[in-house]
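> return a 3D structure for these sequence lines:
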Amino acid sequence: MRRTLFVTLVAAFALAAPAGAGLPRAGLLVPGRSLGGIRLGDTARAVRAALGHRYGVCNDCARPTWYFTYKPFDAHGLAVEFEHRQVVAVYTLWQPTGWHATNGLRLGASPLAVHGRAGRLRTIACDGYDALVADRAGSRTAYFLFNGSLWGFGLFLPNWSPCR
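Reported below is the predicted structural model:
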């Protein structure tokens, strides 16, 4: 009996998501490095360890893309794109409450604030919104503007289009 209980408990802990797994309530952009704790080059296994196993899969995307949201069928959250089982893009979905950047920007900020805090940016016009991008040697950080405010963040491989 004790052995069976012990084996059951060990199996339950092994199958459970790590305590820290889940979409952060107030996600953080570290420009050029990470978004919501996810880095370019992370493996699918590392993403599951960080964000858990509850995600939707995009059926019409060019690359395998997972959607992590706060509730089923909610549009707010984080998208993670993969190529060869490694993260090649990560970006917020809609305008998740509380997300911010280490440079002091919060979602909802004005375009002027984005330019003032994010440094030298280049504008890329997407269909219905603009992406202000900062390029570094190993990444492209995007600040998405919609309807006159900062709507989202993104992190992409260098020179990749932020338009989705």
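> pLDDT below threshold where in the protein?
1-20 (pLDDT under 70).
> just checking, residue 29 touches residue 106?
No. If you go by Cβ atoms under 8 Å, residue 29 and residue 106 don't touch, sitting 10.2 Å apart. Just so you know, the C-beta spots here come from the backbone N, C-alpha and C atoms, and that holds for glycine as well.
> which neighbours do these two have in common?
99, 100 (Cβ atoms under 8 Å, 6 or more residues apart in numbering).
> out of these two, which sits in the more crowded spot?
Shown here are residue 29 and residue 106; by other Cβ atoms under 10 Å, residue 29 has more neighbours (27 against 13).
> touching the helix or strand hosting that one from outside, list them.
Assessed by DSSP states H and E, residue 29 sits inside strand 28-30. Here strand 28-30 makes contact (Cβ under 8 Å, 6+ apart) with 34, 35, 36, 37, 99, 100, 101, 102, 105, 141, 153, 155.
> quick one: residue 88 from residue 27, how far?
The gap separating residue 88 from residue 27 is 19 Å, by Cβ to Cβ, to the nearest Å.
> which of those two has more neighbours?
residue 27 (23 against 18).
> the more buried one against residue 92, yeah?
Yes. Between residue 27 and residue 92 a contact is recorded at 7.2 Å, counting by Cβ under 8 Å.
> need the residues touching each of those two.
Common neighbours of residue 27 and residue 92 (Cβ under 8 Å, 6+ apart) are 35, 36, 78, 99.
> filter these down to just the ones in strands.
Taking DSSP state E, the ones among these that sit in strands are 35, 78.
> quick check, nearest of the shared contacts of residue 27 and residue 92 to residue 124?
Of all these, residue 124 sits closest to residue 35, with 17.6 Å by Cβ to Cβ.
> tell me how far the closest one lies from residue 95.
Taken as Cβ to Cβ, the span from residue 35 to residue 95 is 14 Å.
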